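J.: With the input below, show me the fold.
(2 chains)
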Amino acid sequence: MEVVDIVPPVLKNNVAVTTIDKLFKWARGNSIWPLSSGLACCAIEMMSCAAARFDLARFGYEVFRAGPRQSDLLIVAGTLTWKMAPPLVRLYEEMPEPKYVIAMGSCAIGGGPFADSYSVVKGIDEVLPVDVYIPGCPPRPEALIDGMLKLKEKIMHPERVAESRKQFVRSIDVEKIEEANA
Amino acid sequence: METGIVMTVANLIRGILMLILGNEFIVSVIMKLIGIGAMIGVISFAAILFTYTERKVCAFIQVRLGPNRVGPRGLLQPIADMLKLMSKEDIIPYGVDRVVWALAPMVLFVPSALAYAFFPFDDGAIFADVNVGIFLLIAISSQSVLTFLMAGVASNSKYGMIGAMRAVATSLSYEAPMVFSLLGIVMITGSLRMSDIVAAQQNTVWFIVLQPIAFLIYLTTCFAETNRTPFDFVECESEIVAGAFTEYSGMRWALFFLAEYANLLSISVLTTTFFLGGWSGPILPGFVWFWLKTIFMLMIFLWIRWTFPRVRIDQMMSFGWKVLLPLALVNVLFTGVGIYINRFM
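T.: Have a look, this model is predicted:
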């Protein structure tokens, strides 16, 4: 929830409010502290991401906090099973607003190779609101860094993301898809 | 007797104020307020700057680059972090002891800031040069453990509770060798006054030469006192999440974070004063020498922080009671013998 959203429309042109909002967006975008939670093998790539070769610290995102209360971003790195889902959702709920979720890897996006299994959540968006999806099995650390920079763009310029989503929806040719399905 | 830069500037301001106001009492009150303001300014600025320094030094040790995207060379990174922490939701968990819980991060800053009153920054630039300096300093700085206890117990969480108990255990077992290691210095100086300790090193050699064992003991206990690796038991991630701070979010947690760095500066200053001759040094003004030595000590603290793994809690306790304390007592004995022999030479 941005500050602008809760400002009544009469005050929308207030310069001070929008400026502080911009400042906070800048601060939030440049200081995303992830929760150090790894579910499966994607977590290895996440760790590698913070290490010397890829160095997530350049962007200021290397502060992996151990507790949900001090972190801003939940990187769901790995296969989420139905047994693990309630603790993960609880972790998400314990994080203070504004909070973000990244679905990292095929399993987090849609169940991956275990999509047919009875025990695996078919994509974490069944239980959590996801901001950025990073495909790959597992995604390379560069992909995770790119995903976090995408998240930064989403935080700092939410209107751009909304615009590109509109363009994407427009570009989908519904008739063609229906033909292919038929 | 020549005075340092800080006192010269202070006297200049005092003179100007005397010309304008003319009342000595009002001027001295204003001077005290300016001093307090400057001190708090130094603490906050240093604490924010140290978060950046720590990340850069850590990156250097781990062959990384560290923050370099936000602002020139990543210098705006701590500002972004602080702004973000300020704008975060303020969670008060159900079941905490609200008053104690909310009070803990604020109270924590009091002993951290109060200790700065006894630091000799330059010749004559010491806020409260009392004759029980070291004693008062240790008494005040050991109060900081109380806030960890407040935070941990009031959190109503098992991790907070364990963290708080560990904080108290650490403080109890490491305060004793720390005091005994400083006793050697007090014996040589013959005074508890901070300015006398610096003056004693000015005329002879630095106390690191006379008291090498005390220096090592003091250095070790400093890590336990400031809860930094290898003794960061109040907040060890792999065992008890975030220890006493588990339930704190946003700005409340940031206060703990900043107080940790204020304490880091404070131990660097203390080590400089006790063992490295304080502000004394040739050619350069005392103020510059003081900060050079302090930054050198700070780098050593950061270096050790990022080099050693965490020891186990039982190892740490037994190390404190079975190694450091006897060693500190032996050091006191040998210092006494040395002083006695020195008297006849």
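
J.: Spatially, what comes nearest to B:L149 if we skip its sequence neighbours?
T.: Using CB to CB, 6 or more residues apart in numbering or on different chains and skipping the chain neighbours, the partner closest in space to B:L149 is B:A164 (4.8 Å). The way it works is simple: take the backbone N, C-alpha and C, and place the C-beta from them, glycine included.

J.: sec struct for the one you found, please.
T.: helix (DSSP: H, G, I helix; E, B strand; the rest coil).

J.: For B:M194, see how far away B:V130 is.
T.: B:V130 sits 8 Å away from B:M194, going by CB to CB, to the nearest Å.

J.: overlap in contacts of the two?
T.: Common neighbours of B:V130 and B:M194, using CB atoms under 8 Å, 6 or more residues apart in numbering or on different chains, are B:F118.

J.: Which one's more surrounded, those two?
T.: A count of neighbours by other CB atoms under 10 Å in any protein chain shown puts B:M194 above the other of B:V130 and B:M194, at 25 against 16.

J.: pLDDT at that one, what is it?
T.: The confidence metric pLDDT takes the value 82 at B:M194.

J.: from memory it sits against B:Y116, does it?
T.: No - using CB atoms under 8 Å as the test, B:M194 is too far from B:Y116 to be in contact (11.6 Å).

J.: dump the residue contacts of the residue nearest to B:L149.
T.: B:148-149, B:151-153, B:234, B:243-244.

J.: So which of these are in helices?
T.: B:148-149, B:151-153 (DSSP state H).

J.: Looking at those residues, which one is closest to chain A?
T.: B:A151 (12.4 Å; CB to the nearest CB).

J.: Was I right to think the closest one contacts B:W101?
T.: Yes - with contact defined as CB under 8 Å, B:A151 counts as touching B:W101 (7.1 Å).

J.: higher neighbour count, those two?
T.: Under the criterion of other CB under 10 Å, the comparison of B:A151 against B:W101 puts B:A151 first, with 31 against 23.

J.: From B:E225, how far out is the more buried one?
T.: Relative to B:E225, and taking CB to CB, B:A151 is found at 17 Å.

J.: what's the answer for B:F50, then?
T.: 16 Å.

J.: More neighbours: which of these two?
T.: B:E225 (24 against 21).

J.: residue contacts, that one?
T.: Contact analysis of B:E225 by CB under 8 Å, 6+ apart lists B:141, B:170-171, B:174-175, B:178, B:263, B:267.

J.: go again using 7 Å as the cut-off
T.: B:174, B:178, B:267 (CB atoms under 7 Å, 6 or more residues apart in numbering or on different chains).

J.: A:L73 too?
T.: Per CB under 7 Å, 6+ apart, neighbours of A:L73: A:32-35, A:100, A:102.

J.: From the residues you listed, pick the one nearest B:W253.
T.: Nearest to B:W253, judged by CB to CB, of those is A:W33 at 10.9 Å.

J.: Surely the closest one is in contact with A:G67?
T.: No - the criterion here is CB atoms under 7 Å, and A:W33 misses it with A:G67 at 10.7 Å.

J.: between the two, which one's more packed in?
T.: Set A:W33 next to A:G67 and count neighbours by other CB under 10 Å: A:G67 wins out with 25 against 18.

J.: residues from chain A in reach of chain B?
T.: A:23-24, A:26-28, A:30-31, A:52, A:55, A:57-60, A:66-67, A:69-70, A:96-97 (CB under 7 Å from any CB of the partner chain).

J.: residue ranges with poor pLDDT in chain A?
T.: Counting by pLDDT under 70, the ranges of chain A that qualify are A:1-7, A:11-18.

J.: other SSEs contacting whatever helix or strand B:L85 lives in?
T.: Using DSSP states H and E, B:L85 sits within helix B:77-87. Judged by 3 or more CB pairs under 7 Å, 6 or more residues apart in numbering or on different chains; DSSP states H and E, helix B:77-87 is in contact with helix A:15-30, helix B:24-61, helix B:250-275.

J.: Show me what counts as buried in that helix.
T.: The neighbour-count check on helix B:77-87 (16 or more other CB atoms under 10 Å in any protein chain shown) flags B:77-85, B:87 as buried.

J.: residues in contact with whichever helix or strand comes after that helix?
T.: Heading C-terminal from helix B:77-87, the first helix or strand you meet, by DSSP H and E, is helix B:98-114. Identification of contacts with helix B:98-114 by CB under 7 Å, 6+ apart yields B:40, B:43, B:92, B:140-141, B:143-144, B:147, B:150-151, B:154-155, B:248, B:252, B:255-256, B:259, B:262-263, B:266.

J.: Buried among these? Make that a ChimeraX selection.
T.: Per 16+ other CB under 10 Å, the buried members of the contacts of helix B:98-114 correspond to this ChimeraX selection:
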select /B:43,140,141,143,144,147,150,151,154,155,248,252,255,256,259,262,263,266
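
J.: Same list, the contacts of helix B:98-114, but only the ones touching chain A.
T.: Within the contacts of helix B:98-114, those near chain A by CB under 7 Å from any CB are B:Y248.

J.: Number of residues surrounding B:E239?
T.: 16.

J.: what residues does stretch A:157-174 touch?
T.: A:153-154.

J.: Let's see that with 6 Å instead.
T.: A:K154 (CB atoms under 6 Å, 6 or more residues apart in numbering or on different chains).

J.: quick one: buried residues of that stretch?
T.: Applying 16+ other CB under 10 Å to stretch A:157-174 flags A:V161 as buried.

J.: next one: stretch B:230-243
T.: Quick answer for stretch B:230-243 (16+ other CB under 10 Å): B:230-236, B:239-243.

J.: So for those, which is the shakiest by pLDDT?
T.: B:V234 (69).

J.: and residue 65, how many residues sit next to it?
T.: Let's take chain A. 19.

J.: look at chain B instead
T.: When neighbours are defined as other CB under 10 Å, B:L65 has 15 of them.

J.: show me what contacts it?
T.: A:55, A:58, B:59.

J.: try B:T335
T.: Counting by CB under 6 Å, 6+ apart, B:T335 has contacts B:184, B:187.

J.: pLDDT score for B:V330?
T.: For B:V330, pLDDT reads 91.

J.: so B:P309 is in which element?
T.: Using DSSP H and E, B:P309 falls within no helix or strand.

J.: Not counting its neighbours along the chain, what's nearest it?
T.: In space, B:P309 is closest to B:P230, 6.6 Å off (CB to CB, 6+ apart).

J.: Next up, phi/psi of that neighbour, please.
T.: Here is the backbone geometry of B:P230 (degrees, to the nearest 10): phi -80, psi 10.

J.: same question, A:A103
T.: Dihedral angles (degrees, to the nearest 10) for A:A103: phi -90, psi 110.

J.: how far away is it from A:L74?
T.: Distance from A:A103 to A:L74, by CB to CB: 10 Å.

J.: What separation is there between A:R160 and A:L144?
T.: For A:R160 relative to A:L144 (CB to CB), the value is 21 Å.

J.: looking at it, A:A27 is touching B:L83, isn't it?
T.: Yes - look at A:A27 against B:L83 with CB atoms under 6 Å: they come within range, at 3.4 Å.

J.: filter the residues of chain A next to chain B to the buried ones?
T.: Buried members of the residues of chain A next to chain B, counted by 16+ other CB under 10 Å: A:24, A:26-28, A:30-31, A:55, A:57-60, A:66-67, A:69-70, A:96.
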